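S.K.: Here is my input, please return the structure:
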Amino acid sequence: MAVPSQPRASLPKGSDPRVRLGVDVGATLAKLAIAHDGRVDYRLAPAHGIERLALEVERLAPDRIGLTGGGAGLLTRHLGLDTTAVSEFDAWGTGSRELLASQGLATGERHLLVSLGTG
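M.R.: Numbering: from 1, shown residues only. Below is the predicted model of the structure:
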């Protein structure tokens, strides 16, 4: 169902070993960020197969799930798990800071974040 994993990002040493999942359910694609074992894996999946996506999420058995995007509510209704709704703008801002920090590029200065999606 999912497109092969995308490049991985490392989490800081001493990271939580539990599985945490963030899913952005868009009109065409669902983008998954799976944090586990000190790293983050990225996957893409078709957003139109919401039942299959729900099964994939449940198979990952995450301890925490954050959902965003236009299809987040629909995915929530198909899951038998607790989820947290996250504003896309908050997710983008927090994610950009985390990625910059993980690469040693965070300066604390203001920066411009550009979205190429329709959000």
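S.K.: pretty sure His78 is touching Ala54, no?
M.R.: Yes - the criterion here is Cβ atoms under 8 Å, and His78 meets it with Ala54 at 3.8 Å. C-beta here means a position set from N, CA and C on the backbone, and glycine is covered the same way.
S.K.: out of these two, which sits in the more crowded spot?
M.R.: Ala54 (18 against 14; other Cβ atoms under 10 Å).
S.K.: How about the contacts made by the nearest residue to Arg18 once chain neighbours are set aside?
M.R.: In this structure, Arg18 finds its nearest non-sequential neighbour in Asp63, 4.1 Å apart by Cβ to Cβ, 6 or more residues apart in numbering. Residues counted as contacts of Asp63 (Cβ atoms under 8 Å, 6 or more residues apart in numbering) are Arg18, Val19, Arg20.
S.K.: Same list, the residues you listed, but as TSV with neighbour count and pLDDT please.
M.R.: As requested, the contacts of Asp63 are exported to TSV (neighbours: other Cβ atoms under 10 Å; pLDDT from 0 to 100):
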residue	neighbour count	pLDDT
Arg18	12	86
Val19	15	93
Arg20	18	94
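S.K.: can you tell me the helix or strand for the spatially most central residue of the chain?
M.R.: The residue lying closest to the centre of the chain (Cα atoms, centre = their mean) is Gly22, at 2.9 Å. Element membership for Gly22 (DSSP states H and E) is strand 20-25.
S.K.: next one: that strand to chain centre, how far?
M.R.: In terms of Cα atoms, centre = their mean, to the nearest Å, the centre of strand 20-25 is found 3 Å from the chain centre.
S.K.: For the longest helix along the chain, list the C-alpha coordinates in PDB.
M.R.: Assignment by DSSP state H gives helix 88-102 as the longest helix of the chain. What follows is helix 88-102, C-alpha atoms only, in PDB (Å, rounded to 0.1, in the frame of the first residue of the first chain):
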ATOM      1  CA  GLU A  88      -1.400  21.900   9.500                       C
ATOM      2  CA  PHE A  89       0.300  25.200  10.200                       C
ATOM      3  CA  ASP A  90       1.400  24.200  13.600                       C
ATOM      4  CA  ALA A  91       2.700  20.900  12.200                       C
ATOM      5  CA  TRP A  92       4.700  22.600   9.500                       C
ATOM      6  CA  GLY A  93       6.200  25.100  11.900                       C
ATOM      7  CA  THR A  94       7.100  22.500  14.500                       C
ATOM      8  CA  GLY A  95       8.400  20.100  11.900                       C
ATOM      9  CA  SER A  96      10.600  22.600  10.200                       C
ATOM     10  CA  ARG A  97      12.200  23.600  13.500                       C
ATOM     11  CA  GLU A  98      12.700  19.900  14.500                       C
ATOM     12  CA  LEU A  99      14.300  19.100  11.100                       C
ATOM     13  CA  LEU A 100      16.600  22.100  11.200                       C
ATOM     14  CA  ALA A 101      17.700  21.200  14.800                       C
ATOM     15  CA  SER A 102      18.300  17.600  13.800                       C
END
